[in-house]
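Asker: can't give you the sequence, but here's the structure:
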Ligand code: NI
């Protein structure tokens with residue numbers, strides 16, 4: 001197992017759509033393990049493969065992210081291969097949503113309250129999950145990554161412009 005480097009905006013791999021996984025071979029299983037370890041090490045509650053430079057449709061998330069008893073315990077992660085949102089309803093605002101690839105910035109983002117996701121699990125079995133609240137927000141955030149979309153693409157134009165300006169300045173200075 002290994003901790004992988006997490007890419008930061010505006011790295012190209014974050015901005016392009018990822019391709020479906022065709023077979024869950026040893027290489028994919030190894031990648032998934034490393035993604036889980038990398039996510040917990042960061043620490044974060046979700047991570048998508050493009051964030052570690054692999055443009056394949058794979059996400060991992062903290063299985064207990066919505067359970068206060070497990071807060072920060074990093075006990076277990078779930079991997080979803082080729083996840084897809086097949087149903088969405090309701091509306092919530094995620095408070096202070098952030099991303100391991102968008103450093104030093106958080107924002108409230110309008111999200112669906114409930115999403116149903118289909119995917120394959122790590123053994124290749126089809127799964128269908130009905131999620132709501134925090135887990136639903138994580139699903140939307142991570143699946144967005146697979147389409148090259150970041151949460152800053154879902155905030156106001158003004159806020160996004162402010163963030164981009166800040167990043168440009170940082171890049172210039174370094
Ligand atoms: Ni993210």
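Answerer: Ah, there it is. This one's a predicted model, so the numbers in the text were calculated from it and none came from an experiment.
Asker: what separates the nearest residue to residue 10 once chain neighbours are set aside from residue 141, distance-wise?
Answerer: Nearest non-adjacent residue to residue 10, counting by C-beta to C-beta, 6 or more residues apart in numbering: residue 167, 6.9 Å away. Placement of C-beta: from N, CA and C, glycine included. Per C-beta to C-beta, to the nearest Å, residue 167 is found 19 Å from residue 141.
Asker: quick one: buried residues of the helix or strand bottoming out on mean pLDDT in the chain?
Answerer: Lowest by mean pLDDT, DSSP states H and E among the helices and strands of the chain is helix 157-173, with a mean of 92. Neighbour counts over helix 157-173 (16 or more other C-beta atoms under 10 Å) mark 160, 163, 167 as buried.
Asker: who's in contact with the second one?
Answerer: Looking back up the chat, that one is residue 163. Listed by C-beta atoms under 8 Å, 6 or more residues apart in numbering, the contact set of residue 163 reads 102, 105, 152.
Asker: quick one, what contacts the first one?
Answerer: When contacts are counted by C-beta under 8 Å, 6+ apart, residue 102 is found next to 8, 9, 150, 151, 152, 163.
Asker: out of those, which is most surrounded?
Answerer: residue 151 (24 neighbours; other C-beta atoms under 10 Å).
Asker: distance of that residue relative to residue 31?
Answerer: 23 Å.
Asker: just to revisit the earlier point, mind putting the contacts of residue 102 into JSON lines with secondary structure and distance to residue 93?
Answerer: Output for the contacts of residue 102, formatted as JSON lines (DSSP: H, G, I helix; E, B strand; the rest coil; distance: C-beta to C-beta, whole Å):
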{"residue": "8", "secondary structure": "coil", "distance to residue 93": "25"}
{"residue": "9", "secondary structure": "coil", "distance to residue 93": "22"}
{"residue": "150", "secondary structure": "coil", "distance to residue 93": "17"}
{"residue": "151", "secondary structure": "helix", "distance to residue 93": "12"}
{"residue": "152", "secondary structure": "helix", "distance to residue 93": "15"}
{"residue": "163", "secondary structure": "helix", "distance to residue 93": "18"}
